[in-house]
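Chemist: Attaching a predicted model along with its sequence, questions to come.
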Amino acid sequence: MSLRKTFDLSAYLVIGPENTLGRPVKGIIRQAVEAGFSFIQIRSKEASARELIQLTKEAAEVLEELNKEKEVALVVNDRLDVILAAKEQGIQVGGIHVGQSDIPVEVCRQYLGEDAIIGLSARTHELMEYVSTVETKDIDYFGAGPLHETQTKPDCGLDDEGKIITRSMEELRELARISPLPVVLGGGVKAEDLKELAATGVQGFFVVSAVAGAKDPYQAAKELVDTWEAAQQ
């Protein structure tokens, strides 16, 4: 079943083996989903293709075991080859998330088909102009940030001159207003940011270390989900 029309960006976990303090990725995904996370992205710059296929398989198994495969979207960062290989093996993976320097979205759409979810990291430089003018027919959502500087991805938010641009809440309100697509915002996001972040109108938040690196991933994930949901009321 495709989640392209129904995916939920509200609580989005980005995870790979380098983020989990040595703990199994599968177990942390399970805890996040049990706590209410609605979107999972497998991302690793260190894992081999085979390892990424295995991680994707394990994530898909978690969703099936929890009866969440029709509610929680699963995508892989950047690696179209991994997704195609996973699909060939019968693994239920929903799509891909790409950055500005990764495989073009139209190529991803060509290979993955109309049912795939394709997310794109919005350009940091001239962000507002970019989201209001970019061709979006092959894109389903924008990832934006960072809200704060983050050690998890120190190159996040670099402009053309190599300076980090963090996003103010005022900018995010404008971004949510003008974007033709749903926006998920991350980069150092913490529970105390979520009330103000929800008020900007973005559709969700993404985190890495706030859950994957937490002492108790379930409790950390639950606090984030509960705080976000309370801010919607």
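Modeler: Good, I have the coordinates. Numbering: from 1, shown residues only.
Chemist: any idea which helix or strand comes after the lowest-mean-pLDDT helix or strand in the chain?
Modeler: The helix or strand of the chain with the lowest confidence, counting by mean pLDDT, DSSP states H and E, is helix 127-133 at a mean of 92. Next in sequence after helix 127-133, counting helices and strands by DSSP states H and E, comes strand 141-144.
Chemist: Give me the helices and strands touching the helix or strand just after that following strand, please.
Modeler: Where DSSP H and E defines the elements, the next helix or strand beyond strand 141-144 is helix 169-178. In terms of contacts (3 or more C-beta pairs under 8 Å, 6 or more residues apart in numbering; DSSP states H and E), helix 169-178 is packed against helix 127-133, strand 183-186, helix 194-198. From N, CA and C alone the C-beta is placed, and that goes for glycine too.
Chemist: List the buried residues in helix 169-178.
Modeler: 172, 174-176 (16 or more other C-beta atoms under 10 Å).
Chemist: How about stretch 5-22?
Modeler: Buried, per 16+ other C-beta under 10 Å, within stretch 5-22: 7-20.
Chemist: What of stretch 33-49?
Modeler: Buried, per 16+ other C-beta under 10 Å, within stretch 33-49: 33, 35-44, 47.
Chemist: coming back round to it: to the chain's geometric centre, what's the distance from the least confident helix or strand of the chain?
Modeler: What separates the centre of helix 127-133 from the centre of its chain is 20 Å, taken as C-alpha atoms, centre = their mean, to the nearest Å.
Chemist: outside of it, which residues touch it?
Modeler: 122-123, 142, 144, 167, 171, 174-175, 178-181, 183 (C-beta atoms under 8 Å, 6 or more residues apart in numbering).
Chemist: at 7 Å what do you get?
Modeler: Helix 127-133 has contacts (C-beta atoms under 7 Å, 6 or more residues apart in numbering) with 122-123, 142, 144, 174-175, 178-179.
Chemist: Using JSON lines, lay out the buried residues of stretch 5-22 together with secondary structure.
Modeler: As requested, the buried residues of stretch 5-22 are arranged in JSON lines below (DSSP: H, G, I helix; E, B strand; the rest coil):
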{"residue": "Phe7", "secondary structure": "coil"}
{"residue": "Asp8", "secondary structure": "coil"}
{"residue": "Leu9", "secondary structure": "coil"}
{"residue": "Ser10", "secondary structure": "coil"}
{"residue": "Ala11", "secondary structure": "strand"}
{"residue": "Tyr12", "secondary structure": "strand"}
{"residue": "Leu13", "secondary structure": "strand"}
{"residue": "Val14", "secondary structure": "strand"}
{"residue": "Ile15", "secondary structure": "strand"}
{"residue": "Gly16", "secondary structure": "coil"}
{"residue": "Pro17", "secondary structure": "helix"}
{"residue": "Glu18", "secondary structure": "helix"}
{"residue": "Asn19", "secondary structure": "helix"}
{"residue": "Thr20", "secondary structure": "coil"}
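Chemist: All good on my end, thank you.
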